[in-house]
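Student: I need the structure of the sequence given here:
(one chain, ligands or ions: 1)
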Amino acid sequence: MKQTFFLQIPLGLEQLAVQEIQLKWSSLFPTRVCPEVFLETGGFTFECLPEEGFILNHWLKIPNRILLRVASFKCRDFPKLFKKLSSIDWKPYYGEQEFKIHVSSSESRLFDERKIKSALIDGLKRFVQKSPVKKKSMEKVSEFKDWNLYLRFEEDWCQVSIDTSGERLGLRGYRKFIGKAPLRENLASALFYCLINEAQKNRDYHIIDPLCGSGTFISEAATFYRPNKHRQFAYQYFPSHNNELKVHDTLFDSKFQYTGLDKDAKQLEQFEKNLEALYEEIELSSEEKIEILEDDLYSEEIKIKNDNETLLITNLPYNVRIKNATGNKKLISQMAKKYSPVLMGVIIPQTKTPPLVEGYEVIKNLDFINGGIKVSFVIYKSQKIIEG
Ligand SMILES: C[S@@+](CC[C@H](N)C(=O)[O-])C[C@H]1O[C@@H](n2cnc3c(N)ncnc32)[C@H](O)[C@@H]1O
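Tutor: Okay, the predicted model is just below:
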């Protein structure tokens, strides 16, 4: 039976996340039409079979989490809330584990977080009195620690959802070391996808990040079309879940090359260690390669092959936590001059008028929030005519 899922998405990136699910769904389930999605601020809902929703945890790189809606009802008083919560069929998900309970309320009569939480705890206790939990279920859930339940009230409608992900999905399991001002993995994935959407299809691009730090953009680009097979997800510990879902190795064959450069050798050491951890989990094809190079953007020497097939993606120092004495215009112009990329996607502090760069036009300016700072992802396109 189909159920409703809610995908939590970083603000501003909802549309990209919808495109991601549409792209990956058609490869994962070629004979099944992608469900219609209903966009909301900070996420979207859609209906599908539970196992289809669960497996998306392995494949989708933009969401923060995937929630499964277990109930939805109108409710304006606590006795009714308790009654409704205790009559949900919790058996498929509950083995008396302790949940972290997340409450939100807007334009609703019920908003007291403490009282809402205790109604839920009492409701679960009553449920167990009526239908005791099996020992097997208790053992299974005890093997997992990251349990989350969400109660959301909106105009007196209460939605109860259980998290199927566990730790946020951005924690891929292979970024052990983080550099200065690192970018969250799911933001990096979203921006890489945004850039690739502007590129021509079926070309073997060279992806470079000239200010790569601990290498988040490069790692996310290299794994965007690959599943996360190794980390644990909450759904795998639901008492009702007993068949291991088959996860393919990759959805698309890519022949991309990836190069991360930075002038700070310490940052690159961290990237190197992250890469070692990543290689334990994924196998690149023989045609793909990730390279790490120590290089100052302003040095004369060009250490990589410069061609028409370069896509550049980077996070500039915003002059907030990391100093940017030279200014964005100079940095972006230097990247354009040194690497002549076909497309260049850069994160800069939010602006409606991105710096002008000779030989390039701005084709996208996407606003989002990175670590509490309002930023824009600006895509520049080379005005050189590219053959083929
Ligand atoms: C905002 S951080 C990038 C963080 C990276 N996206 C991550 O997630 O780890 C900026 C990086 O630019 C590097 N950097 C600054 N000026 C540079 C230059 N002239 N040449 C090369 N790297 C530079 C710094 O060493 C720093 O690692």
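
Student: can you name the residue of the chain nearest the ligand?
Tutor: Evaluated by CB to the nearest ligand atom, the chain has residue 213 as its residue closest to the ligand, separated by 2.7 Å. Placement of C-beta: from N, CA and C, glycine included.

Student: the helices in the stretch 101-250 of the chain, which residues?
Tutor: With DSSP state H, counting those that start in this stretch, the ranges of helices along the stretch 101-250 of the chain come out as 113-130, 135-142, 185-198, 216-223.

Student: now do the third one: distance to the chain's middle.
Tutor: It stands for helix 185-198. 10 Å (CA atoms, centre = their mean, to the nearest Å).

Student: what comes up buried for it?
Tutor: 185, 186, 187, 188, 189, 190, 191, 192, 193, 194, 195, 196 (16 or more other CB atoms under 10 Å).

Student: looking at the helices of the stretch 101-250 of the chain, which is closest to residue 178?
Tutor: helix 216-223 (8.3 Å; CB to CB).

Student: tell me the angle of the closest one relative to helix 185-198?
Tutor: 70 degrees (axes from the mean of the first three to the mean of the last three CA atoms, to 10 degrees).

Student: is any part of helix 216-223 close to the ligand?
Tutor: Yes - with CB under 6 Å from any ligand atom as the criterion, the ligand is reached by helix 216-223 at 216, 217.

Student: pLDDT on that helix, on average?
Tutor: When pLDDT is averaged over helix 216-223, the result is 95.

Student: check which element follows that helix along the chain.
Tutor: strand 257-262 (DSSP states H and E).

Student: that following strand: which residues count as buried?
Tutor: Those would be 257, 258, 259, 260, 261, 262, for strand 257-262 by 16+ other CB under 10 Å.

Student: ditto for stretch 225-241
Tutor: 225-228, 231, 233-239, 241.

Student: relative to residue 365, which of these is nearest.
Tutor: Nearest member of those to residue 365, counting by CB to CB, is residue 225, at 25.9 Å.

Student: please list the residues of this structure that sit near the ligand.
Tutor: Proximity of the chain to the ligand (CB under 6 Å from any ligand atom) is limited to residues 179-183, 211-214, 216-217, 262-264, 267, 296-298, 315, 317, 322.

Student: try 5 Å
Tutor: For the chain, the contact set with the ligand under CB under 5 Å from any ligand atom comprises 179, 181-183, 211, 213-214, 216, 262-264, 267, 296-297, 315, 317.

Student: domains of the chain?
Tutor: 3-163, 185-226+252-382 (automatic domain parsing).

Student: start and end of the shortest one, how far apart?
Tutor: Taking CA to CA, to the nearest Å, the first and last residues of domain 3-163 lie 14 Å apart.

Student: picking up where we left off before, which stretch in the domains of the chain has the least confidence?
Tutor: Lowest mean pLDDT within the domains of the chain: domain 185-226+252-382, a mean of 90.

Student: gap between the two ends of it?
Tutor: 27 Å.

Student: what of stretch 293-305?
Tutor: OK, stretch 293-305 end separation, CA to CA: 13 Å.

Student: same check on stretch 227-243?
Tutor: 18 Å.
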